[in-house]
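**Student:** A structural model of the following input is requested.
(2 chains)
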Amino acid sequence: MRAKISRRTGVRTASAATALVCCAAAAVTSGASPASAAASNYSTATSVAAFGGMSGLVAAAKAEGALNVITLPSNWCNYGSIITSFQNEYGIKVTSENPEGSSQDEVNAMVQLKGQSREPDVLDMSTPFAVKADQMHLLAPYTVSEWGDIAPAQRATDKTWWADYGGYVAIGYNSAVVKTPPTSFKDLLKPMYNHMVGINNSPTVAGAAFAAVFAAALANGGSFNNILPGINYFAKLNTEGNFVPVISGPSTVQSGATPIVIWWDYLQKSEISAEVKTWKVVIPSDGIYASYYDQAISANAPHPAAARLWEEYLYSAAGQNQWLQGFCRPIELSTMVAAGTVNKAAYAQLPPVPMGFKGYPTQAQVVKAEGVVAADWATDVATT
Amino acid sequence: MRTWAPLLPFAAWMLLFLGIPAIAVAVGAFEKSSGSGFTMANVNQATHGVYLLGFKNSLKMALVTSVVPGVVGTFLAYAVHTSKGSALRRVVVTASGVFANFGGIPLAFLFIASIGAEHALVTNWVADIGVHIWPRFDLYTFAGVALVYMYFQVPLMVLVTLPAFEGLKASWHEAAENLGAHSWQYWRYIGIPVLMPSLLGSTLLLFGSALSAYATADALTDGTLALTPLQIGSFLNGNVIAGSQNVGKALALGLVLIVAVVMAFYVLLQRRASRWLR
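**Tutor:** Have a look, this model is predicted:
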């Protein structure tokens, strides 16, 4: 029930250092040992070559017969049908734990269940938590076959995490109530949107809300180095009476409390559009902010081969298109569009991205911005 | 030996689920985020800026939503106690039991759907009879959150004070009257002194309940109202701030200290109450 609220953050980071150093480590995958020799040691396999190819990986994973996933809501990026497809394809039983949990929950589960058969095999988390998990030595390095399609800035130098899918901060509105569509953050300040605009939670808690503040900063003279104009924007939205500080989602749209919601485009589509047929989604023209989540494999995965097969499946065209069908933008999207392997119907469902995308903040910029939001949100956008 | 032996399971339970977590919080509050070595930085951060504001707001919220429901609930309980019909009493007690346990997101949404928008359910109804609460009463404010808290605090007060009224023996009132006391004299010298400790104790219980309430306030404020439990949540279970859990533990330690003081008062008052009613 809390998926709408407490899901993992969307704080995408692309460290400049990562971009510079990444390519040094790409050649580790040679010298594959035969599957039988590696049988006891799948947990150190760094690519499909270690299994003697895809058929070896499939055989090893089928022998394990099970996979533990965590914090994957079924209506989030289409994960429900992805899990079903994977089970049907390979006959591997997927156990889905704590689907509504947070990235922090994923880290906690790896620590608390370490060495148990219930420990999560694979992770889907936001970058700050992937970085933290890596620092705690909880992640296994692995290069999926499509590693080269992931921009160097969007994968870890030590190969412990790599971007999977993402989306843009978007403005959604109920066209049955909101007659003049807002298309920018500036629009939302207009008096006609009085008592209408919601976000999905506190930006100190929810990644999407944090991203909304970052996007608002970009729209109001801020930058990746300066999120304060974003906080000031919401303070103004609040004093103008347009901001409704309620945890927004399908229910507050249906009750009429928030006819406008700022949220990830894919969640607007999968959660609100699914229930409110008149829901429209636009990416604001003045604050274009995107963020990707990351995949990772637990260093102590109880099913190391199945974990690696899951990753290979997600990065196959079939897996990528399934994310796309959940309105998420898979990391290989541009490659697939160019190659013609993209699911065109699903691709056409995505809201168009306006010109002027400025890329992604670095990890350091995100950490700095988090500090500013934590310190200033409640004091600047103060409810009295 | 024999006298405290039956308490052993309870003591073990308390140790496991109260003692050990409390110690972990207390130790964590002084640990570095890296996990090695001790520091005052967490406590320092937890007692400044927006976190100090959080403690102030939380205390204010807890005071308002314990004193007001304390008074209202007392009068309600008295009314129920003195009413003739036992049916009314049973209905009120049962309903109070239900309402006192209603909370979290469902409660917040009940109010959002009722009065949280221009055309919310109740807003529309009362507008039809000429009462316009929109937009004069804003649910998404301190007052709004306080109102929502009252929804479970008043019934809780009724539940916990009704037994106290039953402790007032009718014979005391009759005896006072026989000796020529006015009604107000009876209340001034007998009724209120007897009741006061339990009423204050019950109010302190409400205080603790309001101080720790989390999900309702979270749903109604998006963090724009600094409250300590919400700030702890952002550190321990958030999705944005990674690696600062120990600041959350320092905040939790602050709440533990506040509740410890409150409970100390509670115990004192309970002793006084039992002295009268023995």
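**Student:** buried set for stretch A:370-384?
**Tutor:** Within stretch A:370-384, the residues that qualify as buried are A:370, A:372, A:373, A:374, A:375, A:376, A:377, A:378, A:380, A:381, A:382, A:383, counting by 16 or more other CB atoms under 10 Å in any protein chain shown. Heads up, the C-betas are built off the backbone N, CA and C, glycines and all.
**Student:** Just put the residues you listed in a markdown table and tack on distance to chain B, secondary structure and pLDDT.
**Tutor:** A markdown table is the format used below for these (distance: CB to the nearest CB, whole Å; DSSP: H, G, I helix; E, B strand; the rest coil; pLDDT from 0 to 100):
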| residue | distance to chain B | secondary structure | pLDDT |
| --- | --- | --- | --- |
| A:370 | 5 | helix | 92 |
| A:372 | 11 | helix | 95 |
| A:373 | 7 | helix | 95 |
| A:374 | 6 | helix | 92 |
| A:375 | 6 | helix | 91 |
| A:376 | 7 | helix | 93 |
| A:377 | 6 | helix | 94 |
| A:378 | 4 | helix | 92 |
| A:380 | 9 | helix | 92 |
| A:381 | 5 | coil | 92 |
| A:382 | 6 | coil | 81 |
| A:383 | 4 | coil | 72 |
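**Student:** For the residue lying closest to residue A:233 once chain neighbours are set aside, which three-state class applies?
**Tutor:** Leaving aside its sequence neighbours, residue A:233 sits nearest to residue A:216 (CB to CB, 6 or more residues apart in numbering or on different chains; 4.2 Å). The local conformation at residue A:216, judged by DSSP: H, G, I helix; E, B strand; the rest coil, is helix.
**Student:** Next, count neighbours for residue A:216.
**Tutor:** Each residue near residue A:216 was counted by other CB atoms under 10 Å in any protein chain shown, and the total is 29.
**Student:** can you check residue B:105 too?
**Tutor:** Neighbours of residue B:105 (other CB under 10 Å): 18.
**Student:** For the residue of chain B at minimum distance from chain A, which residues are in contact?
**Tutor:** Relative to chain A, the nearest point of chain B is residue B:223 (2.5 Å; CB to the nearest CB). Contacts for residue B:223 (CB atoms under 8 Å, 6 or more residues apart in numbering or on different chains) come out as A:201, A:202, A:203, A:204, A:205, A:245, A:377, A:378, B:230, B:234.
**Student:** Could you pull up the residues touching the residue nearest to the fourth one when sequence neighbours are not counted?
**Tutor:** Residue nearest to residue A:204 in three dimensions, not counting chain neighbours: residue B:234, with 4.2 Å by CB to CB, 6+ apart. Under the criterion of CB under 8 Å, 6+ apart, the neighbours of residue B:234 are A:202, A:204, A:205, A:374, B:223, B:240, B:241, B:248.
**Student:** Not counting residues beside it along the chain, what's closest to the fourth one?
**Tutor:** What that stands for is residue A:374. residue A:204 (5.1 Å).
**Student:** Repeat that for the last one.
**Tutor:** Nearest non-adjacent residue to residue B:248, counting by CB to CB, 6+ apart: residue B:235, 2.9 Å away.
**Student:** ok, now the fifth one?
**Tutor:** For residue B:223, ignoring the flanking residues on the chain, the nearest one in space by CB to CB, 6+ apart is residue A:202 at 2.5 Å.
**Student:** which element is that neighbour on?
**Tutor:** Here residue A:202 sits in a region with no helix or strand, counting by DSSP states H and E.
**Student:** Chain A contacts on the stretch 51-200 of chain B?
**Tutor:** Listed as neighbours of chain A in the stretch 51-200 of chain B under the rule CB under 8 Å from any CB of the partner chain: B:53-54, B:105, B:108-109, B:112-113, B:116-120, B:135, B:140-142.
**Student:** Please look at the residue nearest to residue A:233 and residue A:229 and confirm they touch.
**Tutor:** Yes: contact criterion CB atoms under 8 Å: residue A:216 and residue A:229 qualify, at 7.4 Å.
**Student:** Quickly list what's touching both of these two.
**Tutor:** Both residue A:216 and residue A:229 are contacted by residue A:222, under the criterion CB under 8 Å, 6+ apart.
**Student:** I figured residue A:360 hits residue A:163, correct?
**Tutor:** No: assessed by CB under 8 Å, residue A:360 is found out of contact with residue A:163, at 9.7 Å.
**Student:** Please consider this matter closed, and thank you.
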